[in-house]
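Enquirer: for reference, the sequence and a predicted model appear below.
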Amino acid sequence: FTEAERAAGAWLRERSSPDDLVAILPNSTSSYTVLGLGERRLVHAWTGHLLDFHHGARAQERDVREIFESEDPTRAAELASRYRVDYLYVGRAERGVMKPGSLGGGCFESVFSWDEVELLEFTCAGDGAVSPAGDP
């Protein structure tokens with residue numbers, strides 16, 4: 001782990017609730033920082049594991065990935081709200097797919113930043129949430 005990853009994990013452990021959901025880029029090693037160091041739950045981690053238990057895992061993977069890839073901040077906020085995201089972890093994997101303007105629009109507030117790692121709090125939660133893995 002880098003110093004930034006260790007610091008982000010500590011920030012999550014110390015300043016967020018164990019019930020908070022963190023979005024990462026699905027199927028990325030960012031899960032090690034959030035789950036292992038931060039001890040926080042993920043909206044979506046590894047699709048292969050989730051398919052054993054949730055029929056909607058592939059659709060959820062596409063949606064969560066779109067949060068990071070979308071150039072439309074309104075769409076990203078809509079999806080973050082739908083999946084009850086509390087925080088977004090933005091590390092190397094996430095930055096690798098983000099486009100200019102991704103996660104703008106005022107709903108994603110930076111609460112931690114160190115080198116290549118940033119934590120964003122999702123501040124525009126609303127209706128339309130779904131349970132993990134897209135199950136009704």
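Expert: Right, received. Where do you want to start? Numbering: from 1, shown residues only.
Enquirer: name the helix or strand of this structure that has the lowest mean pLDDT.
Expert: In the chain, no helix or strand scores lower on mean pLDDT, DSSP states H and E than helix 47-50, which sits at a mean of 91.
Enquirer: restricting to C-alpha, output that one in PDB.
Expert: In PDB, the C-alpha atoms belonging to helix 47-50 read as follows (Å, rounded to 0.1, in the frame of the first residue of the first chain):
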ATOM      1  CA  THR A  47     -18.400  -9.400 -10.000                       C
ATOM      2  CA  GLY A  48     -17.300 -13.000 -10.100                       C
ATOM      3  CA  HIS A  49     -17.900 -13.300  -6.400                       C
ATOM      4  CA  LEU A  50     -21.200 -11.500  -6.500                       C
END
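Enquirer: not counting the helix or strand following it itself, show me its contacts.
Expert: Later in the chain than helix 47-50, the nearest helix or strand by DSSP states H and E is helix 57-69. Residues outside helix 57-69 that contact it (CB atoms under 8 Å, 6 or more residues apart in numbering) are 23, 25-27, 43-44, 47, 50-51, 54, 75-76, 79-80, 82-83, 85, 88, 90, 94, 97-99, 102-103, 132-134. No exception for glycine: its C-beta is placed from N, CA and C like everyone else's.
Enquirer: next SSE downstream of helix 57-69?
Expert: helix 73-82.
Enquirer: tell me the angle of that following helix relative to helix 57-69?
Expert: 140 degrees (axes from the mean of the first three to the mean of the last three CA atoms, to 10 degrees).
Enquirer: the helix or strand following helix 73-82 - contacts with which helices or strands?
Expert: Remark: after helix 73-82, the chain's next helix or strand is strand 87-90, criterion DSSP H and E. Applying 3 or more CB pairs under 8 Å, 6 or more residues apart in numbering; DSSP states H and E, one finds that strand 87-90 contacts strand 21-23, helix 57-69, strand 117-122.
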